[in-house]
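Engineer: only geometry, no sequence info:
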DNA sequence: TAATAAACGAGACGGTACGTCGAGTCTTAGG
DNA sequence: CCTAAGACTCGACGTACCGTCTCGTTTATTA
């Protein structure tokens, strides 16, 4: 049994897609995720509802893609502020001073979490991902894991330089200072100042 | 100006409340939080919709109370399996061996997270709390913080016994091994075996 | 298998029903049957769509009932202009002069067909009834046949008085002068003046 | 101001037109007029929607043309069963016996009304024509009137032969026996047997 | 015989309405 | 006066078609 004949993506309207991304992100920021509706996104984007249903299967999917797109743009801008449009290949800097390097990146992360443009969709997706395993997996795979791999890479380099004990698994070590930060932020469980973000490193 | 006259809680039907708790928890487990509706809860509980709206202001509130009730019952059962109905006063045991004591409790926590009766509502509430600050605060205040304070108390005792460095803030220390566990579980980000739960302690 | 638990008609809102009748008739007259939508009726009546779907199964059904109601009111008004609200018991007058009596009634019929309040819904229902047998049957049974039976009764009386040949079936005889009139009107097939309406009688 | 440049009918695809006629008639017979859609016709005919919109302005127009085409074919077949494709020039036979001649033709008419291939589109068009004056006029002009003129012609011949009173208008006389038949059929108002069809003639 | 321009199939698009579901409010009857 | 029941208005859902608008791809003259 065929699945209703998949749409032809070569004829897809780029303009509509962009408008949908923008509308989705704006609405989530303005009125919250629950009150953001497919109809609302369509109306705001000046697009027929069917155009959304043709390409995405749920509100969460729309938002996920919109957010990935937003993140990609932000990453590019961060990596090459002068040349927008190229493939970002960001890496955590390696000045030789592990603590300073991590501090720098954690600060950038905190800044992003507190940026109102990111906060609402980020929370919404995180929440949705906790209840919807498929979305959760995509979220982790496409957004979270790539980010964490940067830390793993930097930590591995530090191990080779002898700056970190060789018996430590970098994947687990990084969770020790990333998770508490995420937790606090997600649960409004406390201020997520730069100082707190770095506490995880202090016991070193 | 009439203020809609708040309901008289002394005349409240205990039977209906219990039925609503049970229906809410059952539905969330069976069909998920999103598909659980107020109408569905009312129908399943054999109760009028108005009876729900009279005492709670949202689906999330119903579930939160139902879950608090469930947790209280479970805690009582754990503390005094012989005498159900009394006020629980659980504490983390203090055998003098901090690591062993923490292991014991972390194991119990993992067990609860994996118990299907707890998992669905727990996830649903956590997710909702990330997007709805008021609910998030209640969730933390009524469920999470009391639990964490047990750890704080035990850690402080350990400090007095000289088993933990005195310059460590117990509140922050415990987040180091609780948050990664929570994170993994919430994000389906990996197995949350007993072994993993204890990794946070290993580097000691 | 139950059919979704039928609604409780004792609790039905009379106000809504009236508003729906009025809105349906008004819209059909103003914009035509095709462009009259259930949403439009609901909006105009200040009523939720569900209230329409709860009590009727289609746009045609709504209009049929509305039109029956309108006709009943008109019949009452014609029969007892002084006492609105009573059960109409209209009859074709019997002055002894058959031709004069029929002329009188045919004129009234033509007047109704040309009354803009009646024309649009009447045409719409007639058209719908030709394509939808169930509706057609209801239309004939509830609106047309009662009307025709008045003629049958009067013709039978005329036969007893010796004013009409006894071997004629009144049911068929009346179709001879009613059908051509209906046809012309329905098909815009020619003017339906009083004169034409009476042609059917002339060959007598 | 551009006028959208009318299509060049010399380059029209005959194959597509035939396919559209066939699809339209088949769908109306199978699922009814309301559920017949332009998209459905296009899909069934293996044709782009635009090809329909290019040559017709509405579903009713397509069906009207398709039905005219069907009728023309049927008439040709009836007139010259041996030579399909020529211009039909049917006439009511004149054997000198008016009643017998009319009976013959009325029988043929009843047969056509009961032929399932004709019934559904015929009803649909009749219904549409009652609500849409333009279509109604075309319907009468292109299908109904030519048919009726045959009767007029034959009746006039009968008048010249002295078989019919000279003061009777043939146009009106024929409605006396055609309309009741049409009425009954359109309204499912009774059986339209051959006997009934001829009742109109009996009182002579 | 190639070019070229229209009709063609396909189907994405912005829309409107469908018929359904559930939210939250209000009314009725019963205990 | 709390309760079960459920009708009410409202708004969003996801689907079906509308009529318009590109896209290549035939097809059938015209250069």
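Structural biologist: Sure, I can see it. Computed from a predicted structure; not experimentally measured.
Engineer: tell me what the helix or strand where residue A:134 lies is packed against?
Structural biologist: Following DSSP states H and E, one finds residue A:134 within helix A:133-139. With contacts defined as 3 or more C-beta pairs under 8 Å, 6 or more residues apart in numbering or on different chains; DSSP states H and E, the packing partners of helix A:133-139 are helix A:59-79, helix A:116-131. Where C-beta positions appear, they are placed from N, C-alpha and C, glycine not excepted.
Engineer: Confidence-wise, which of these is weakest overall?
Structural biologist: Note on the helices and strands packed on helix A:133-139: helix A:59-79 shows the lowest mean pLDDT, a mean of 90.
Engineer: Just confirm yes or no for that helix near chain B.
Structural biologist: No: no part of helix A:59-79 sits near chain B under the criterion C-beta under 8 Å from any C-beta of the partner chain; the closest distance found is 10.1 Å.
Engineer: The helix or strand that that helix is followed by vs chain B: in contact?
Structural biologist: Counting by DSSP H and E, the next helix or strand C-terminal to helix A:59-79 is helix A:98-114. No: residues of helix A:98-114 are not located near chain B by C-beta under 8 Å from any C-beta, the shortest gap being 12.4 Å.
Engineer: how far out from the middle of the chain is helix A:98-114?
Structural biologist: 15 Å (C-alpha atoms, centre = their mean, to the nearest Å).
Engineer: if we can go back for a sec, pick the most deeply packed of the helices and strands packed on helix A:133-139.
Structural biologist: helix A:116-131 (a mean of 21; mean count of other C-beta atoms under 10 Å in any protein chain shown).
Engineer: Next, work out how far apart the most centrally placed residue in chain A and residue A:128 are.
Structural biologist: Closest residue to the average C-alpha location of chain A: residue A:143 at 4.5 Å, with C-alpha atoms, centre = their mean. Distance, residue A:143 to residue A:128, by C-beta to C-beta, to the nearest Å: 13 Å.
Engineer: How about the secondary structure of the residue nearest to the centre of chain A?
Structural biologist: helix (DSSP: H, G, I helix; E, B strand; the rest coil).
Engineer: Residue A:159 too?
Structural biologist: Classified using three-state DSSP, residue A:159 is helix.
Engineer: In contact with the closest residue to residue A:21 other than its chain neighbours, which residues are there?
Structural biologist: Nearest non-adjacent residue to residue A:21, counting by C-beta to C-beta, 6 or more residues apart in numbering or on different chains: residue A:66, 3.9 Å away. Contacts for residue A:66 (C-beta atoms under 8 Å, 6 or more residues apart in numbering or on different chains) come out as A:20, A:21, A:22, A:24, A:25, A:121.
Engineer: Repeat the analysis, applying 6 Å as the threshold.
Structural biologist: Residue A:66 makes contact with A:21, A:24, A:25, according to C-beta atoms under 6 Å, 6 or more residues apart in numbering or on different chains.
Engineer: Report the residue ranges of every domain in chain A.
Structural biologist: Following automatic domain parsing, one gets these domains for chain A: A:12-65, A:91-199.
Engineer: Same list (these) but as TSV, adding distance to residue C:115.
Structural biologist: Listed next are the domains of chain A as TSV, based on distance: least, C-beta to C-beta, whole Å:
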stretch	distance to residue C:115
domain A:12-65	42
domain A:91-199	59
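Engineer: Least confident of those, on average?
Structural biologist: Minimum mean pLDDT among those: domain A:91-199, a mean of 85.
Engineer: how close does the closest residue to residue A:188 other than its chain neighbours get to residue A:112?
Structural biologist: Counting by C-beta to C-beta, 6+ apart, residue B:136 is the residue found nearest to residue A:188 once chain neighbours are left out, at 5.1 Å. Noted for residue B:136: a distance of 20 Å to residue A:112, by C-beta to C-beta.
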